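> have a look; sequence and predicted model below, questions after that.
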Amino acid sequence: MNATANRDISVDQLRVGLYVHLDLKWFEHPFAFGHFKIKSEEQITLIRSLGLKTVRFSQELSEGSPPPQVVAPLSPILNAAAAASMAPELSQIMLAKQAMMAQMRLRRQATERIENAFVNTAKTIRNIEKNLYSRPLETVQQATLLIGQITDSILSAPELAIHVMGDKMGGEELYLHSLNVTMLSIMMARDIKLPVEVVSVLGVGALLHDIGRKEVPDKILHKTEALTQAERSFYEMHCQFGVEMGQRLHLSPATLAIIREHHELFDGTGYPAKLKGESVSLLSRIVAIANYYDELCNPSAIADALTPHEALSLMFAKLRSKFDPKLLQVFIRCLGVYPPGTIVQLSNGAIGMVVTVNTARPMKPTLVVYDPEVAKDDAILLDMERETEVNIAKAIRPAQVPQEVYNYLSPRKRVSYYFDASSARPQAGTP
């Protein structure tokens with residue numbers, strides 16, 4: 001909002017429909033935001049009870065004709081009367097806000113725990129990928145143990161939340177395609193209630209689906225421009241290379257099928273065998289969706305990356321014939337319209353980033369919200385399930401937000417996911 005579009009008015013000139021800016025710190029007022037459109041007389045009374053003589057308002061965002069230019073301060077008697085009449089209600093609202101702040105502290109603690117678990121898992125997978133050729137059988141056992149632990153945690157939890165990793169995780173080098181595909185695949189398997197032993201096979205297959213890429217030269221793997229036909233043909237052989245490696249590792253037939261078929265598509269346009277429909281195994285169809293989505297979000301040429309929202313929209317709107325329709329619906333249902341990592345604009349104009357989606361309530365994610373009055377480390381965490389004043393208006397690309405907003409939200413260039421299966425949500429008293 002352009003500062004020149006704002007001017008001061010007396011609090012006795014407030015009316016429903018005005019878009020106001022409270023020049024107070026976030027914890028000094030009872031509202032979710034310090035700027036909002038007034039919706040009720042009760043909000044006006046609350047503002048008057050805060051002790052302010054004037055507030056700024058934006059005509060551009062307000063409804064109706066502007067108030068007169070004259071600023072007539074409210075009489076001290078009226079102001080005191082308003083404060084006295086609203087004191088009990090204001091006290092209750094501020095208590096609720098204090099509970100909200102306590103809950104945000106718990107969320108930050110939970111986020112730190114999840115991010116530490118992500119780092120540890122990522123390091124384990126790095127070692128698995130590093131040692132797969134030199135100590136193959138031992139490494140497969142390690143992979144199976146890791147997947148067993150992840151599967152048990154995810155399937156036994158009453159609810160599952162998917163988190164996008166923040167910018168404190170040691171840089172972009174901790175991005176792992178295999179970990180993202182594993183997390184997203186197990187998420188889908190949980191939703192369709194596959195048995196635990198089947199999910200364990202799925203997890204190992206998702207983790208090792210690209211082991212054949214070790215046989216593909218780096219100049220092909222990391223090429224950012226279009227591959228030649230010869231390069232494309234060689235690259236597509238990584239599925240067969242992976243199967244051959246998997247056979248030497250004595251992987252199960254179902255795991256080998258995932259390695260062989262993770263690039264097969266439901267309409268028969270995939271590779272290597274151009275299998276169609278249910279001739280592709282169920283587990284391979286699950287991994288194919290997770291794999292395709294992650295490659296859209298995290299391609300070799302990072303400049304070509306789609307946002308999570310764009311990737312999901314593209315898969316549903318234009319590419320849906322390529323995927324098992326029932327499984328694609330499951331994928332979208334779990335991640336929601338705005339997957340973790342999506343930058344969004346709220347109905348009040350505020351900008352935030354989706355950081356957590358609970359798969360049981362995907363349309364009500366948790367956001368970190370940009371507010372220049374709040375330090376980045378203490379940023380507002382907005383739980384859309386509890387929030388009634390605003391809603392998500394639209395997704396926006398990172399390049400569309402001002403630099404200071406981008407730096408505050410710090411979206412990673414490569415999107416990394418991890419899970420929280422500990423509880424439904426942090427609790428801190430009555431919200």
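Everything's here; your move.

> helix/strand/coil for the closest residue to Glu41 other than its chain neighbours?
Leaving out its chain neighbours, the residue that sits closest to Glu41 by CB to CB, 6 or more residues apart in numbering is Val16, at 6.9 Å. For the C-beta atoms, the positions are set from N, CA and C on the backbone; glycine is no exception. When classified by DSSP: H, G, I helix; E, B strand; the rest coil, Val16 comes out as coil.

> repeat that for Val140.
helix.

> just the pLDDT at it, thanks.
The per-residue pLDDT reported for Val140 equals 95.

> kindly report the same for the one 10 residues further on.
We note a pLDDT of 96 for Ile150 in this prediction.

> now do Val369
For Val369, pLDDT reads 95.

> and the gap between the residue nearest the centre of the chain and Phe234?
By CA atoms, centre = their mean, the chain has its centre lying nearest to Pro340, at 1.0 Å. Distance, Pro340 to Phe234, by CB to CB, to the nearest Å: 35 Å.

> helix, strand or coil for Leu24?
Quick answer, by three-state DSSP: Leu24 is coil.

> low-confidence ranges, this structure, go.
Residue ranges of the chain with pLDDT under 70: 1-5, 68-100, 167-174, 422-431.

> can you name the element that comes right after the top strand by length along it?
The longest strand of the chain (DSSP state E) is strand 351-358. Per DSSP states H and E, the first helix or strand lying C-terminal to strand 351-358 is strand 366-369.

> if we can go back for a sec, so what's the residue nearest to Glu41 up against?
Ile38, Lys39, Ser40, Glu41, Ile44 (CB atoms under 8 Å, 6 or more residues apart in numbering).

> repeat that for 7 Å
Ile38, Lys39, Ser40, Glu41 (CB atoms under 7 Å, 6 or more residues apart in numbering).

> most neighbours among those, which one?
Among the contacts of Val16, the one with the most neighbours (other CB atoms under 10 Å) is Ile38, at 21 neighbours.

> how far away is it from Trp26?
18 Å.

> okay, and the closest residue in space to Pro372 that isn't next to it in sequence sits in which element?
Closest residue to Pro372 apart from its sequence neighbours, by CB to CB, 6+ apart: Glu404 at 7.3 Å. In the assignment (DSSP H and E), Glu404 maps to helix 403-409.

> partners of Val344 in the sheet?
With DSSP bridges applied, Val344 shows beta-bridge pairing to Gly352, Ala395.

> what's around the nearest residue to Pro67 once chain neighbours are set aside, how many residues?
Nearest non-adjacent residue to Pro67, counting by CB to CB, 6+ apart: Gln13, 4.5 Å away. Residues lying near Gln13 (other CB under 10 Å) number 18.

> repeat for Gln109
Gln109: 11 neighbours (other CB under 10 Å).

> any idea how far Gly403 lies from Ala395?
Check again: residue 403 is Gln, not Gly. In terms of CB to CB, Gln403 sits 19 Å off from Ala395.

> my bad, Phe241
In terms of CB to CB, Phe241 sits 38 Å off from Ala395.

> just after the helix holding Glu404, pick out the following helix or strand.
Downstream of helix 403-409, the first helix or strand assigned by DSSP H and E is strand 417-420.

> what strands line up against that following strand, and which way round?
Counting by DSSP bridges, strand 417-420 is paired with strand 161-164 (antiparallel).

> buried residues in stretch 268-288?
Within stretch 268-288, the residues that count as buried by 16 or more other CB atoms under 10 Å are 270-272, 275, 280-288.

> how about a markdown table for the residues you listed, with secondary structure added?
As requested, these are arranged in a markdown table below (three-state DSSP):
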| residue | secondary structure |
| --- | --- |
| Gly270 | coil |
| Tyr271 | coil |
| Pro272 | coil |
| Leu275 | coil |
| Val280 | coil |
| Ser281 | coil |
| Leu282 | helix |
| Leu283 | helix |
| Ser284 | helix |
| Arg285 | helix |
| Ile286 | helix |
| Val287 | helix |
| Ala288 | helix |
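
> hmm, who's touching the longest strand of the chain?
Taking CB under 7 Å, 6+ apart as the rule, strand 351-358 contacts 159, 161-164, 335-336, 338-346, 365-370, 382, 401, 405, 409, 411.

> which of those residues are buried?
161-164, 335-336, 338-346, 365-370, 382, 401, 405, 409, 411.

> returning to that earlier point: could I get the phi/psi values of the residue nearest to Pro67?
Note on Gln13: its backbone torsions stand at phi -100, psi 0 [degrees, to the nearest 10].

> how close does it sit to Lys276?
Counting by CB to CB, the gap from Gln13 to Lys276 is 68 Å.

> doesn't Val11 make contact with Val55?
Yes. Counting by CB atoms under 7 Å, Val55 touches Val11, with 6.1 Å between them.

> what is in contact with the two at once?
Contact criterion CB under 7 Å, 6+ apart; residues shared by Val55 and Val11: Ile47.

> quick one: terminal-to-terminal distance for stretch 358-365?
End-to-end span of stretch 358-365 (CA to CA, to the nearest Å): 7 Å.

> hang on, the earlier thing: how deep is the residue nearest to Pro372 tucked in, by neighbour count?
If you count neighbours by other CB under 10 Å, Glu404 ends up with 10.

> what residues are up against the residue nearest to Ser156 when sequence neighbours are not counted?
Nearest non-adjacent residue to Ser156, counting by CB to CB, 6+ apart: Ala421, 7.4 Å away. Taking CB under 7 Å, 6+ apart, we find Ala421 in contact with Ser153, Ile154, Ala157, Leu160.

> can you pull the contacts of the last one?
Right, Leu160. So Leu160 contacts Ile154, Met187, Arg190, Thr359, Phe419, Ala421 (CB under 7 Å, 6+ apart).

> now swap in the third one and tell me
Taking CB under 7 Å, 6+ apart, we find Ala157 in contact with Ala421.

> next: the first one.
Applying CB under 7 Å, 6+ apart to Ser153 gives the contacts Ala421.

> the second one now?
Under the criterion of CB under 7 Å, 6+ apart, the contact partners of Ile154 comprise Leu160, Ile186, Arg190, Phe419, Ala421.

> what helix or strand does it sit in?
Counting by DSSP H and E, Ile154 is found in helix 136-156.

> thinking again about what came up before, of the contacts of Leu160, which is the nearest to Phe331?
Sorting the contacts of Leu160 by how near they are to Phe331, with CB to CB, puts Met187 at the top with 8.3 Å.
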